[in-house]
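# Take this sequence and fold it.
(2 chains, ligands or ions: 1)
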Amino acid sequence: MSLITTPNLRDPDAAYAALLATHKGLSEAEAHALNARLVLILMNHLGDGPEFAEALKLAREAAAA
Amino acid sequence: MPYDYRPFPYVAPPGLTAPEPRHKVVIVGAGPIGLALAIDLAQYGVASVVLDDNNVVSVGSRAICWSKRSLEILDRLGVGQRCVEKGVIWKVGRTLHREDEVWTFDLQPDPGHKMPAFVNLQQYYVEEYLVARALELSPLIDLRWKNKVMAVEVGGHAALTVETPDGTYRLEAEHVVACEGARSAVRGMLGLDFDGELFEERFLIADIEMTGDFPSERRFWFEPPFHAGQSALLHKQPDNIYRIDLQLGWDADPETEKTPERVIPRIEKAVGHKDFRLDWVSVYTFQCRRLAKFVHGPVMFCGDSAHVVSPFGARGGNGGLQDVDALGWRLAVVAKGADAGILQAYDRERQHGADENLLNSSRTTRFMSPAPGAERLFRDAVLALAGKAAFARPLVNSGRLSRPCVYPLAGPDDPALPVGARPGAVAPDAPLDNGWLIDRLGREVVVLAIGQLAPKVAGVKTVDLPVTPELQARYLGGAAQAVYLIRPDQIVAARWVTASPGAVNKAADDIWRGA
Ligand SMILES: Cc1cc2nc3c(=O)[nH]c(=O)nc-3n(C[C@H](O)[C@H](O)[C@H](O)COP(=O)(O)OP(=O)(O)OC[C@H]3O[C@@H](n4cnc5c(N)ncnc54)[C@H](O)[C@@H]3O)c2cc1C
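Okay, the predicted model is just below:
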């Protein structure tokens, strides 16, 4: 299996809103800290197979674009 | 009770009055590594001269955690039992973040080994025992205190200029092993680069004497209430001595931090009372570096002179003893006339070992002392999650304790046999009716046959054993029988379910070719 990069959310707008809502009322530093925890939680869920390496690569490359 | 540092006697060396004949082996440095190497060589019948610029054992506890593998090596050198008897045995490591416990490990849940997972013992005791053993092996070991190496010339052999209280003399040797620690003078004299990272972090290390009731376990705190924002480590040692390591941060001035006025209040906060005596204090700067190569013609590097790591993980002293283990038997045959090419195998294998130690210890340092920004963000995130979610606990890194590396050996292997005893790994210990397997292996090449008779090969010792539950689990797995070829350093070289004498013979030859 490889990293899913095609749309995979049942309700993209609701998922995005949930992500924002989780950050509500947080300072920028607190939001960064939350995101770091979230990344770790999702990293564990995803596992450290090839999908993880692909995700890291995509995240890094998207900034360069 | 404070340790009684008794100076060893200086004796004027013969070289001051008349040129000495060229020696086979000169070892520079009588720290744990130089002493262990001299003993190993002497047990193979090879003489050495050991030079040390000082005349006492290590001042301060320094390396304190000795791993099971180190204890096995020390046992072969004749001091393992003393170390275990004197040492504090511990198995539990506790990691705390602020007030909460986040992660606990229990080492060696697997019984049936002669040696415990770790003992804590001050480096000065280990050196004391090694010196006593080396003196037993005199005159094969010629220990010279207050002999400082000032210069080295290298050609087909090496010539050293040595300074003593009575003047300077010259000493020639076919092989020089530099075991003079992290500030190796020989390394500097040969102009060799020492590459790697210097971490911008300092730790205060103190030995204190107190009759507290701390259990014999390792305790590591991230951001403890008694030392805001930093980290701390507490370890029990023999004689009611405790070792405390306190992270200072890079801005701290080491000289000020070492003063009792600064140290004592910090320790009071760590242990929660004033009822202790300060025994030794030092400030330690992290480094993770190594030489590109450990063998340079007639000069070899072993221990801290070849590589230095941060202390968390106990990879300094333990890694150095593994160097000795890989070098001793090879240098012994070269000193007796074998081709020096076999020393390249020492170089190759211990570079591999050093890289593993450096990798582990730089990862630990990154976690303990994260750079501002993303490193800090993720470190804090791991600690915040570790108390709440089990998945985050293995990410907490307060030191991955030293384990012997598995050398990448290409010897014959049968994948049906258990992975823990694959070629390149230390042959696992197991209880036997009349002792321990580890005592039947090593010092020479051994063919170990389990559940069958060993194929007979000229010049190779055989050990035939019936199947026991431990041997089944550690050496056979699903197979009914196996043949293992084991090197003098107790490393598995090759293994088969069934082996012909020809195959064993070829693999044994490969050991001596340094393959
Ligand atoms: C403050 C401190 C704390 C440490 N804490 C830990 C720890 O907690 N855990 C751990 O695993 N490791 C620790 N270490 C590292 C550990 O002490 C070393 O890994 C270990 O001592 C290496 O042994 P060695 O024999 O290679 O070198 P050393 O023990 O340094 O011995 C070198 C010897 O060579 C001698 N010498 C030096 N120059 C010359 C010369 N020119 N001529 C002749 N002789 C010379 C020295 O006097 C010394 O006796 C610590 C080190 C220090 C300094």
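# Where do the strands of the stretch 1-150 of chain B begin and end?
B:23-28, B:48-51, B:65-67, B:88-89, B:92-97, B:100-106, B:118-120, B:141-144, B:148-154 (DSSP state E, counting those that start in this stretch).
# and of those, who's closest to B:Leu248?
strand B:92-97 (19.2 Å; C-beta to C-beta). (Each C-beta comes from the backbone N, C-alpha and C, glycine too.)
# In the chain, where is pLDDT below threshold?
Because you didn't say which chain, this covers chain A. Scanning chain A for pLDDT under 70 picks out A:1, A:64-65.
# Let me rephrase: I mean chain B.
Applying pLDDT under 70 to chain B flags residues B:108-109.
# Any chance of a markdown table for the strands of the stretch 1-150 of chain B, columns distance to chain A?
Below are the strands of the stretch 1-150 of chain B laid out as a markdown table (distance: least, C-beta to the nearest C-beta, whole Å):
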| stretch | distance to chain A |
| --- | --- |
| strand B:23-28 | 44 |
| strand B:48-51 | 47 |
| strand B:65-67 | 27 |
| strand B:88-89 | 34 |
| strand B:92-97 | 14 |
| strand B:100-106 | 14 |
| strand B:118-120 | 28 |
| strand B:141-144 | 49 |
| strand B:148-154 | 46 |
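# got those as a markdown table, with mean neighbour count and distance to A:Ala53 columns?
Formatted as a markdown table, these follow (neighbours: other C-beta atoms under 10 Å in any protein chain shown; distance: least, C-beta to C-beta, whole Å):
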| stretch | mean neighbour count | distance to A:Ala53 |
| --- | --- | --- |
| strand B:23-28 | 24 | 46 |
| strand B:48-51 | 26 | 50 |
| strand B:65-67 | 27 | 33 |
| strand B:88-89 | 15 | 41 |
| strand B:92-97 | 19 | 28 |
| strand B:100-106 | 15 | 26 |
| strand B:118-120 | 24 | 35 |
| strand B:141-144 | 22 | 53 |
| strand B:148-154 | 16 | 46 |
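# Minimum distance to B:Pro415: which of the ones you listed has it?
strand B:65-67 (27.9 Å).
# looking at chain A, which residue lies furthest from center?
A:Gly25 (19.8 Å; C-alpha atoms, centre = their mean).
# how close does that residue sit to A:Ala31?
10 Å (C-beta to C-beta, to the nearest Å).
# cool, and B:Arg403?
B:Arg403 is 40 Å from A:Ala31, by C-beta to C-beta.
# and what of B:Pro404?
The value you get for B:Pro404 to A:Ala31, if C-beta to C-beta is used, is 45 Å.
# Which one of the two is surrounded by more residues?
B:Pro404 (24 against 14; other C-beta atoms under 10 Å in any protein chain shown).
# Could you find the closest non-adjacent residue to the residue of chain B found nearest chain A?
Here the residue of chain B nearest chain A is B:Ala381; by C-beta to the nearest C-beta that distance is 3.7 Å. In space, B:Ala381 comes closest to A:Ala36 once its chain neighbours are excluded; the distance is 3.7 Å by C-beta to C-beta, 6 or more residues apart in numbering or on different chains.
# so is that neighbour in a helix, a strand, or just coil?
Under the three-state scheme (DSSP: H, G, I helix; E, B strand; the rest coil), A:Ala36 adopts helix.
# list the contacts for it?
B:Leu377, B:Phe378, B:Asp380, B:Ala381 (C-beta atoms under 8 Å, 6 or more residues apart in numbering or on different chains).
# residues from chain B in reach of chain A?
Within chain B, the positions adjacent to chain A are B:Leu377, B:Phe378, B:Asp380, B:Ala381, B:Val382, B:Ala384, B:Leu385, B:Ala389, B:Phe391, B:Ala392, B:Leu395 by C-beta under 8 Å from any C-beta of the partner chain.
# before we move on, what SS does the fifth one have?
Okay, so that is B:Val382. Reduced to three states by three-state DSSP, B:Val382 is helix.
# my read: it touches B:Ala389, true?
No. B:Val382 is not in contact with B:Ala389 according to C-beta atoms under 8 Å; the separation is 10.2 Å.
# more crowded one of those two?
B:Val382 (22 against 13).
# Give the buried subset of the residues of chain B next to chain A as a ChimeraX selection command.
Restricted to buried positions by 16 or more other C-beta atoms under 10 Å in any protein chain shown, the ChimeraX selection for the residues of chain B next to chain A reads:
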select /B:377,378,380,381,382,384,385,392,395
